[in-house]
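Peer 1: For reference, the sequence and a predicted model appear below.
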Amino acid sequence: MDEVNERISIGDVNEDTAIFGELVNQMAPGIRVRHFLVDGFGSMREPPWSDSNNISLLFHALQQQPLETISLENIGIFADDERSGPFPIRLLTRLLCSESCRLSLKNLKLIDCILDGTNEDWEEFALANNNLPELDQFVLDTCDCALDYPLEQFDRFGAILPCNSPKLTSAIVDPAKTRGYIDLGAARRMCRLPQLRRLCLFEMAFPGETTATMFQTLAQQSPTGCFTSHLETLKLGVCDMDAVAVQAFSSPGAVKDEGAFIAIMEALKRNRTIRCLDFRWSEKAWLVQPTPKYGASALAAYHDMIRSNCTLLAMYVVDHSLYCGDLRSMKMFYARLNQIGRQRFLEAGNFVSDEEWLDKLVAVGRERENDHYNALSFVYYFLRLNPLICVQHSASSNTRVLLPPN
């Protein structure tokens, strides 16, 4: 144990649990452990997580420590080994429930772990994980989370999400083989967290109403005009969203519930925080046909959103080959406009000098041409926003404005 850095880092774990007992003995009064990390990568055999007195003593000792980081990686990977088995979730819950850890924990990372527990164990973990006031980052990534391993599987991942942590900035949940679901309340509470910037959910089932409500929540504003959510990255991968949101970015006319789709587009039109939407590999997206028949209302809502949203920098869905040519070019064109900063020139309240307008025209005139747009398209777009800029500048300065060749 490194007393200076207040860190316990255990690597190359094996069936010998003596190291855990030694760490307990090293925790003399006055020592403050703030970071607890265990990585079993490269181990040929893990300790008996459930039946070791030394491991139990270590976790009991850690309950008295003001932990800021708990990181478990590559743990329980020998779940079929009778001597080691998966990692019992109850050990982690005890840490989260201890008063010293609960009030100090900022980072909780469970990566490539096989976790074990009864339904009651998982419910207790969910309650504990929703009572961490200082939590900043939560990662449950590529874990095979099993109930009574390997007979059942836990699926209430909406309950596990730390929806009550006001300082949370990033949450990633990827339960691997488990097919979880997220309910309406959890989705709404997550989107309303004041500091949340990144939300990545995988292998989730989203009822249609949950998806629409999530986007509507992201578009809500306070009485002062500020957005209640500051989410910048939203990734919903390998998710079942009833073809409402996933197909929105490849074939609006193929969406079964056009009303829900239009509601999502209206929400995105108002949202000014999201920078990246990623729906790649979501299951229902594979139902998209390469050349669908578009519904007029859905298509109009999609076009209006793309033209109006100045902050969305990237949108992804399953495979670009599923995009119809015109829609894909349109998406790429406006996404690039957002990347080069059209928001400043469009939104009310921003003062933009003539010189800045001209500098932007020169800059966009240097854009590289590709299959979806060319430099002239960008120059034309900005000239349409302020068609008199060149005339006014020329009249006031008696100089010619020269744009680079296309």
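Peer 2: Arrived safely.

Peer 1: Strands of the stretch 301-406 of the chain, residue ranges please.
Peer 2: 314-317 (DSSP state E, counting those that start in this stretch).

Peer 1: quick one: low-confidence parts of it?
Peer 2: Within the stretch 301-406 of the chain, the ranges that satisfy pLDDT under 70 run 317-326, 348-349, 371-372, 390-406.

Peer 1: Contact partners for residue 52?
Peer 2: 17, 20 (CB atoms under 8 Å, 6 or more residues apart in numbering). No exception for glycine: its C-beta is placed from N, CA and C like everyone else's.

Peer 1: Check the gap between it and residue 230 for me.
Peer 2: Using CB to CB, to the nearest Å, residue 52 is found at 44 Å from residue 230.

Peer 1: what about the stretch 51-200 of the chain, any weak spots by pLDDT?
Peer 2: Scanning the stretch 51-200 of the chain with the threshold set as pLDDT under 70 gives 78-83, 142-155, 176-180.

Peer 1: Mind jotting down where the helices sit in it?
Peer 2: Along the stretch 51-200 of the chain, counting by DSSP state H, counting those that start in this stretch, helices occupy 53-62, 89-97, 99-102, 119-129, 157-160, 184-191.

Peer 1: most packed of the ones you listed?
Peer 2: helix 157-160 (a mean of 24; mean count of other CB atoms under 10 Å).

Peer 1: Just the C-alpha atoms of the helix ranked longest in the chain, please, in PDB.
Peer 2: For the chain, the longest helix by residue count, based on DSSP state H, is helix 325-339. Presented in PDB, the C-alpha positions along helix 325-339 are these (Å, rounded to 0.1, in the frame of the first residue of the first chain):
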ATOM      1  CA  GLY A 325     -28.300   9.800 -50.600                       C
ATOM      2  CA  ASP A 326     -30.100  13.200 -50.100                       C
ATOM      3  CA  LEU A 327     -30.800  12.700 -46.400                       C
ATOM      4  CA  ARG A 328     -27.200  11.700 -45.800                       C
ATOM      5  CA  SER A 329     -25.800  14.600 -47.700                       C
ATOM      6  CA  MET A 330     -28.100  17.000 -45.800                       C
ATOM      7  CA  LYS A 331     -27.100  15.600 -42.500                       C
ATOM      8  CA  MET A 332     -23.400  15.800 -43.300                       C
ATOM      9  CA  PHE A 333     -23.800  19.400 -44.600                       C
ATOM     10  CA  TYR A 334     -25.500  20.800 -41.600                       C
ATOM     11  CA  ALA A 335     -23.400  18.800 -39.100                       C
ATOM     12  CA  ARG A 336     -20.300  20.400 -40.800                       C
ATOM     13  CA  LEU A 337     -21.900  23.800 -40.600                       C
ATOM     14  CA  ASN A 338     -22.300  23.300 -36.900                       C
ATOM     15  CA  GLN A 339     -18.700  22.200 -36.500                       C
END
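
Peer 1: Show me which parts of that helix are buried, residue by residue.
Peer 2: Neighbour counts over helix 325-339 (16 or more other CB atoms under 10 Å) mark 327, 328, 329, 330, 331, 332, 333, 334, 335, 336, 337, 338 as buried.

Peer 1: measure the first one to residue 315 for me?
Peer 2: Counting by CB to CB, the gap from residue 327 to residue 315 is 11 Å.
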